[in-house]
Structures are given as structure tokens and as C-alpha cells.
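> Build me a structure from this.
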Amino acid sequence: MILTACLSLATLSAQGQDWAKKMFATLEHDFGTVARNSKQQFRFEITNLYKEDVHIASVRASCGCTIPKIETATLKSFEKGSILTTYNTKSFIGQRGATVTVTIDKPFFAEIQLQVAGFIRSDIVYTPNSLEFGEFQLSSKPKKEFNVQYAGRTDWNITDVRSKQAYYNVEILERTVLAGGVEYRMAVELKENVPVGYLKDYLIIVTNDPLNREIQLPLSGKASAPVTLSPAALLLGIVSPDDSIKKRLILRGTESFSITSIRCNHDGVSFESSPKPVANSNAPKKLHIIPVAFQAGPAMEKVQATITVEVEMESGQTIVLTCPLSATVE
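Presented below is the predicted three-dimensional model:
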């Protein structure tokens, strides 16, 4: 239960600017060691925890090595937005950091400082400067080639490629010794276990350089499943204690599929429809409609839950879809 999220900011205005800081998921980001002219971006996520609309008036950076941008200027109650920061690896090298100041003018004035840091190597260049896969089907296993060029010792080697997620197959296609450097031609293939939705990640190129062994290569794309779920989120707004709200989820597929399970991590959410639960209907078809019932409890609370739907395609592929649900009981 998060009672502070249900309060008006008028009751919090005397507490300095902590109310504004609480809306940010994090106040700092380290890009780590990156290559010159590589595409490096980070979103500082903001969630309006209060009743009043929040308006972001401006952002500014203390250094040209970081370029900030407001992606959502006005946030209504419980809406999410972000400040996009782009690390300027084209114009700067070496250890670089900046303070990004976010100015809020409504409902009260506040300034929040976000910290950005990183190290831009001048002797390594990626071509292209990021791996952008665009939109793709999970079953297509898209593949991209890229080059890593190093200016310096000819005994410089890439010893490993790592990632936080096991979504990628990486291979070295060719290593070429140049006059005063080394060039690698490499390839990355996406596996079928990439989650549905936007992919924002990076590969860690590990080298034999004792000073900077790891360099990040950004990677992005959007994985489209053969089944889509709408709406993307159930925003129920403000409801009274003990109220009941009924909604529905619509699942559409490019081929017939059956729903194998549906669940929610909140006891007040159910999916039963007379005479039996929808999740028990195993008849494959391209369109499924799931009735969703939300039963508010007697206490005031902010509800944030996740609906998880597992489906099985006629081809045998299993797809897991999620839908966030939010409500404020007061």
C-alpha cells in the first residue's frame, strides 16, 4: 500500500523538493567505456505519483557531452514519462560527465539534478555506431554484421563478447591486421527467446587491453509476436472502496492459438466468465476476448499489478504476453 501516492501535493509542498525526486526511478547513469561515435542513449524514467498534473518546463546540461530532451512534458496522475539523454561520443573523447538539470514548474517549482558519466575511447570505432534491428518477428532470428576498428597495437585482440541477457549469438567472421591497428568483422544473431516488445540493450566487447578491457556496443529493436494484446495497459483510474470494474482484453493472432493460462499477481483481479474461466477454453482461433474483473478492497491503496497471458500457437510455439494494471482506491 502506497498512501503517499494518493495524497495531494498541497500537503507535501513544505517538504522541499524531495517530492519531485521521488518521481525518478534513478538520478544517475554511467555509460561505462564506449567507442567514439557510437550511439549511446539513456532514458531517466519519471512516474507522476500524485493527483496533480506535473509539467516539465525545461532541461539543460552542464556539458555539451550530454544532450538532454524532454520526451513527455505533462504527466497526469500515475502516468510515466522520461528524459532522454544522448552521450555525445562524436564530439568528445575521454572521461566525460554532466549534470542534467530538470526544471518542473507545475504544480510547484522544483529543480532536480541528474548525473551522467562515462569514458569515450578515441582509438575504437564501431561501424555502424549501433546495432538497430528495427521491428522483427521472434521466429525470424535476424542477424546483423558490424566492424570494430582499433587504432594502435597490432596485437590487440577481442577475447570475448558478453551480455546481461542470453538473447544473442555472436561470432567473429574475420580479423584483419592494418597499418597501425586491427579490424574485426563480426555478426550478431538474435535468438527466439528475445522478449516481446522493445529491446534496448548492449553487448560488452572484451579485449586484451589492460587499461580498458570492456567496451559497450548499443543494441536496439522491437520484437513482434504472432499474437498481440490490447489494450497495452489497463489504467482503471480512481475507484471507490469495494467497487467492481469490468474490462476486457483482446488477443489477435496471425494464426490460430489457444490460451493455456492467465493470471494476475493481485487477488482483486479475476478472469472468470460464466459458465467457466476463459483460460480453460482451448479451442484454437485467431481472436480471443478475455473478460477482466477488478474488485477493489475496503482500504485505500494504490494498486499496480501485472496480468500474464500464456498462449500456444498451432505451430507449437509458446508466447507469454503481459499487461500492466493500475488503480487507486480512495
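> quick one: contacts of the strand or helix carrying residue 220?
Using DSSP states H and E, residue 220 falls within strand 214-224. For strand 214-224, contacts defined as CB atoms under 8 Å, 6 or more residues apart in numbering pick out 31-35, 38-41, 121, 124, 126, 130-138, 142, 146, 168, 188, 190, 194-207. Every C-beta, even on glycine, is put in place using the N, C-alpha and C of the backbone.
> Mind giving me the ChimeraX select for these, buried ones only?
Isolation of the buried members of the contacts of strand 214-224 (16 or more other CB atoms under 10 Å) is achieved in ChimeraX through the command below:
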select :31,33,34,35,38,39,40,121,124,126,131,133,136,138,142,146,168,188,190,194,196,199,201,202,203,204,205,207
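> Out of the contacts of strand 214-224, which sit inside strands?
Here DSSP state E is the test, and the contacts of strand 214-224 give 31-35, 40-41, 121, 124, 126, 131-137, 146, 168, 188, 190, 197-207 as lying in strands.
> How far off centre is the helix or strand that the strand holding residue 220 is followed by?
Using DSSP H and E, the next helix or strand after strand 214-224 towards the C-terminus is strand 227-230. Averaging C-alpha positions (CA atoms, centre = their mean, to the nearest Å) puts strand 227-230 18 Å from its chain's average.
> got it, and stretch 169-176?
The answer for stretch 169-176 is 29 Å, by CA atoms, centre = their mean.
> Mean confidence (pLDDT) on that stretch, please.
For stretch 169-176, the mean pLDDT works out to 94.
> What ranges does the stretch 51-200 of the chain have for its strands?
Assigned by DSSP state E, counting those that start in this stretch, the strands in the stretch 51-200 of the chain fall at 54-61, 66-70, 74-75, 80-87, 94-106, 110-127, 131-137, 143-151, 158-162, 168-178, 181-190, 197-207.
> Pairing partners for the shortest one, with directions?
When you say that, I think you mean strand 74-75. strand 54-61 (antiparallel) (DSSP bridges).
> The partner strand: which residues count as buried?
Neighbour-count burial for strand 54-61 flags 54, 56, 59, 61 (criterion: 16+ other CB under 10 Å).
> could you dump those to a markdown table with distance to residue 220?
Below are those laid out as a markdown table (distance: CB to CB, whole Å):
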| residue | distance to residue 220 |
| --- | --- |
| 54 | 28 |
| 56 | 24 |
| 59 | 22 |
| 61 | 22 |
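> Quickly name whichever of the residues you listed is closest to residue 296.
Nearest to residue 296 among those: residue 54, at 25.3 Å, using CB to CB.
> wait, doesn't the closest one sit right on residue 102?
No: counting by CB atoms under 8 Å, residue 54 stays clear of residue 102, with 10.9 Å between them.
> So which of the strands of the stretch 51-200 of the chain is nearest residue 264?
strand 197-207 (18.7 Å).
> report the angle between the axes of the closest one and strand 168-178?
Orientation check (axes from the mean of the first three to the mean of the last three CA atoms, to 10 degrees): strand 197-207 against strand 168-178 gives 40 degrees.
> Which strands or helices does strand 197-207 pack on?
The contact analysis (3 or more CB pairs under 8 Å, 6 or more residues apart in numbering; DSSP states H and E) places strand 197-207 against strand 158-162, strand 214-224.
> what lines up beside that strand in the sheet?
Using DSSP bridges, the strands paired with strand 197-207 are strand 158-162 (antiparallel), strand 214-224 (antiparallel).
> Return the most buried member of those.
Mean neighbour count (mean count of other CB atoms under 10 Å) peaks for strand 214-224 among the strands paired with strand 197-207, with a mean of 19.
> Mind checking the pLDDT average for the lengthiest strand in the chain?
Counting residues, the longest strand found in the chain (DSSP E) is strand 244-264. For strand 244-264, mean pLDDT rounds to 91.
> Average the pLDDT values over the following helix or strand past that strand and round to the nearest integer.
With elements assigned by DSSP H and E, the helix or strand that comes after strand 244-264 is strand 269-270. On average, the pLDDT along strand 269-270 is 92.
> Pairing partners for strand 269-270, with directions?
Partner strands for strand 269-270, per DSSP bridges, with pairing direction: strand 285-295 (antiparallel).
> any idea how far the closest residue in space to residue 226 that isn't next to it in sequence lies from residue 227?
Spatially, and ignoring its direct neighbours in sequence, residue 226 is nearest to residue 254 (4.5 Å; CB to CB, 6 or more residues apart in numbering). Going from residue 254 to residue 227 by CB to CB, to the nearest Å gives 8 Å.
> More neighbours: these two, which one.
Comparing residue 254 with residue 227 by other CB atoms under 10 Å, the one with more neighbours is residue 227, at 23 against 13.
> So, low pLDDT: which residues of this protein?
For the chain, the stretches flagged by pLDDT under 70 are 1-16, 272-282.
> Which parts of it belong to which domain?
3-121, 130-224, 227-329 (automatic domain parsing).
> give me the beta-bridge partners of the residue nearest to residue 125 when sequence neighbours are not counted?
Leaving aside its sequence neighbours, residue 125 sits nearest to residue 149 (CB to CB, 6+ apart; 4.8 Å). Counting by DSSP bridges, residue 149 is bridged to residue 125, residue 183.
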